[in-house]
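Below are the sequence and a predicted model for it; my questions follow.
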Amino acid sequence: MIINQSIFKEYDIRGIYPTEINEETAYLIGKGYGSYLQEKFKQDTCVVGRDNRLSSPNLANSLILGITDSGCNVINYGLITTPMHYLTRHINNVFGIMVTASHNPKDDNGFKFSFDKLANARGQMIYDFRDYILKGNFLTGQGKVILKNIENEYLAYMQKNINMGPRKIKAVIDLGNGATTCIAKKVHNLFSNLDITYICDEDNGTFPNHHPDPAVEENMEMLKNKVLKLKADIGIAYDGDGDRIGIILENGKYIAADKYMIMIIRNLLPKLKNKTILYDVKCSKALEDEINTLGGIPYCYRTGTSYTEAKTKEMGLEFGGEFSGHIFFNDRDYALGSGIYAGLRLLEILSYTDKKASSLLDKINYYYATPEIKIATTNEKKFDIVKQILTYVKNKNYNYNDIDGVRVNFKDGWALVRASNTGPNLTLRFEATTEEYLNKLKEEFTTLVNSLL
């Protein structure tokens with residue numbers, strides 16, 4: 001079988017089902033993964049889980065067959081969230097694969113997998129694995145499949161690491177019809193002071209109500225309306241596989257994850273031993289300002305959940321996150337990168353105060369900003385365009401950070417141009433102290449990008 005090399009992305013394997021990824025692909029990846037673990041890491045057992053997309057059961061079955069046909073054993077946890085999968089890796093002290101396309105459209109699917117204890121495979125790890133699969137020199141054997149359930153351990157983790165206060169919190173939670181439908185209600189039932197109304201809480205891998213990405217405001221309209229209707233204290237949403245969070249304030253206002261991080265660090269940073277806070281290049285300068293104000297050390301890093309998690313652990317940081325809604329808490333226990341846990345940490349803060357959620361953002365520095373702007377191009381061309389942007393910036397003697405694309409820093413704002421690592425797009429974002437300057441930055445760099453397409 002000829003495998004489509006374009007499905008090997010910077011953070012995972014991902015593509016459209018069944019044209020780019022199908023059962024044959026899954027079997028081949030499984031046989032390659034099982035062989036790779038045995039040959040490269042001397043590991044004869046791995047864990048497997050899957051989300052609730054319609055194609056996930058068949059893909060998981062084919063993947064597991066491929067792994068066992070290599071002679072590697074599989075501990076199969078069935079339908080779980082990606083953070084639950086991370087816990088299965090931790091508890092069993094092995095690597096593993098999660099069948100999921102995260103926040104992507106319903107017809108996509110893919111595989112998040114690990115080759116170390118820090119995070120999912122990333123960058124060169126994935127490309128090396130791709131090249132190994134393309135060679136096709138796999139092992140043959142008869143591995144065993146062991147069925148297990150992680151639910152009790154996951155619930156125990158949540159109960160151990162959340163300490164609710166006396167205030168009863170009225171929340172609306174949007175499960176997005178995704179994988180969190182299998183566990184979220186059981187988690188929240190652990191805490192008696194939560195009065196929760198759920199929306200989109202039926203298990204439905206076609207995501208009939210809205211696209212399962214809470215980092216995009218238009219996907220949060222149902223949640224906004226329900227929060228206002230019920231006069232709730234907060235609204236929380238998760239993505240398709242449960243590792244991202246989105247927030248709606250009590251006034252119906254959507255906030256991006258960088259504002260959520262400000263709400264958290266205002267409570268958390270004074271308690272931390274390591275006061276360095278990691279965030280990605282797409283985050284607002286308001287977050288950097290707040291870290292400095294609180295006596296912390298801002299650390300701007302590249303985008304990508306596997307990079308964020310790995311760097312957070314490598315540096316021994318107790319908190320980090322990124323604009324897309326992936327959040328990592330390392331201050332209490334093993335970090336799971338869980339949307340449910342991130343939501344509970346905010347609910348915990350609210351349970352110890354009579355303040356409204358919106359007041360947790362009082363007096364932050366305000367900047368005019370654009371959302372992420374995606375400009376379609378090709379996977380081959382997007383990186384070349386970023387290189388040309390970098391040359392332009394250097395010739396202009398602009399101050400810049402090129403850890404991930406090009407973030408150009410000015411006195412009164414910044415501009416970001418980076419290649420998307422999940423699709424054939426360029427991602428742009430702009431921020432400035434005035435609307436006029438924001439438009440000026442946007443005009444300069446969007447015109448430049450369009451001239452290079």
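Looks like it came in fine.

pLDDT wise, what is Gly423 at?
pLDDT, Gly423: 78.

can you give me phi and psi for it?
Dihedral angles phi and psi of Gly423 (degrees, to the nearest 10) take the values phi -170, psi 170.

what's the model's confidence in stretch 76-83, averaged?
Averaging pLDDT along stretch 76-83 gives 98.

how far is it from where the chain is centred?
Computed by Cα atoms, centre = their mean, to the nearest Å, the chain-centroid distance of stretch 76-83 equals 16 Å.

First-to-last residue distance for it?
Criterion Cα to Cα, to the nearest Å; first-to-last residue distance in stretch 76-83 is 15 Å.

do stretch 131-144 as well
End-to-end span of stretch 131-144 (Cα to Cα): 27 Å.

Please identify the buried residues of that stretch?
132-133, 138-139, 143 (16 or more other Cβ atoms under 10 Å). C-betas here are computed from N, CA, C, even on glycine.

for those residues, which one is nearest Leu194?
Nearest to Leu194 among the buried residues of stretch 131-144: Gly143, at 42.2 Å, using Cβ to Cβ.

host element of the nearest residue to the closest one once chain neighbours are set aside?
Sequence neighbours aside, Thr68 is the residue nearest to Gly143 in space, at 3.5 Å (criterion: Cβ to Cβ, 6 or more residues apart in numbering). Element membership for Thr68 (DSSP states H and E) is helix 56-69.

shouldn't the residue nearest to Gly143 be in contact with Val74?
Yes: between Thr68 and Val74 a contact is recorded at 6.0 Å, counting by Cβ atoms under 8 Å.

Count residues in the vicinity of Asn399, would you?
Neighbour count of Asn399, defined by other Cβ atoms under 10 Å: 11.

Mind pulling the model confidence for the spatially closest residue to it that is not a sequence neighbour?
Nearest residue to Asn399, sequence neighbours excluded (Cβ to Cβ, 6+ apart): Asn409, at 4.7 Å. pLDDT for Asn409: 96.

Distance check, Asn409 against Thr370.
Look at Asn409 and Thr370: by Cβ to Cβ, to the nearest Å, they are 16 Å apart.

try Phe383
According to Cβ to Cβ, Phe383 stands 22 Å off from Thr370.

what does Phe329 give?
Counting by Cβ to Cβ, the gap from Phe329 to Thr370 is 29 Å.

What is the burial count for the spatially closest residue to Gly405 that is not a sequence neighbour?
The shortest distance from Gly405 to any non-neighbouring residue, by Cβ to Cβ, 6+ apart, is to Arg418 (2.4 Å). When neighbours are counted by other Cβ under 10 Å, Arg418 registers 26.

Quick check: what element follows the helix or strand hosting Arg418 along the chain?
Element membership for Arg418 (DSSP H and E) is strand 413-419. Once the chain leaves strand 413-419, the next helix or strand it forms, by DSSP H and E, is strand 425-432.

what's the spacing between that next one and its chain's center?
Using Cα atoms, centre = their mean, the offset of strand 425-432 from its chain centre is 19 Å.

List the neighbouring strands of it plus their orientation.
strand 368-369 (antiparallel), strand 373-376 (antiparallel), strand 413-419 (antiparallel) (DSSP bridges).

Tell me which of Thr68 and Val74 has more neighbours.
Counted by other Cβ under 10 Å, Thr68 and Val74 do not tie: Val74 has more neighbours, with 25 against 19.

The more buried one falls within a strand, correct?
Yes: per DSSP: H, G, I helix; E, B strand; the rest coil, Val74 lies within a strand segment.

correct me, but it touches Leu65?
No: assessed by Cβ under 8 Å, Val74 is found out of contact with Leu65, at 9.3 Å.

quick revisit: which residues are in contact with the residue nearest to Gly143?
Counting by Cβ atoms under 8 Å, 6 or more residues apart in numbering, Thr68 touches 34, 74, 141-145.

Using a markdown table, lay out those residues together with secondary structure and distance to Pro270.
Below are the contacts of Thr68 laid out as a markdown table (DSSP: H, G, I helix; E, B strand; the rest coil; distance: Cβ to Cβ, whole Å):
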| residue | secondary structure | distance to Pro270 |
| --- | --- | --- |
| Gly34 | helix | 47 |
| Val74 | strand | 45 |
| Gly141 | coil | 54 |
| Gln142 | coil | 56 |
| Gly143 | coil | 50 |
| Lys144 | coil | 50 |
| Val145 | strand | 48 |
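
Closest to Cys200 out of those residues?
Nearest to Cys200, judged by Cβ to Cβ, of the contacts of Thr68 is Val74 at 31.4 Å.
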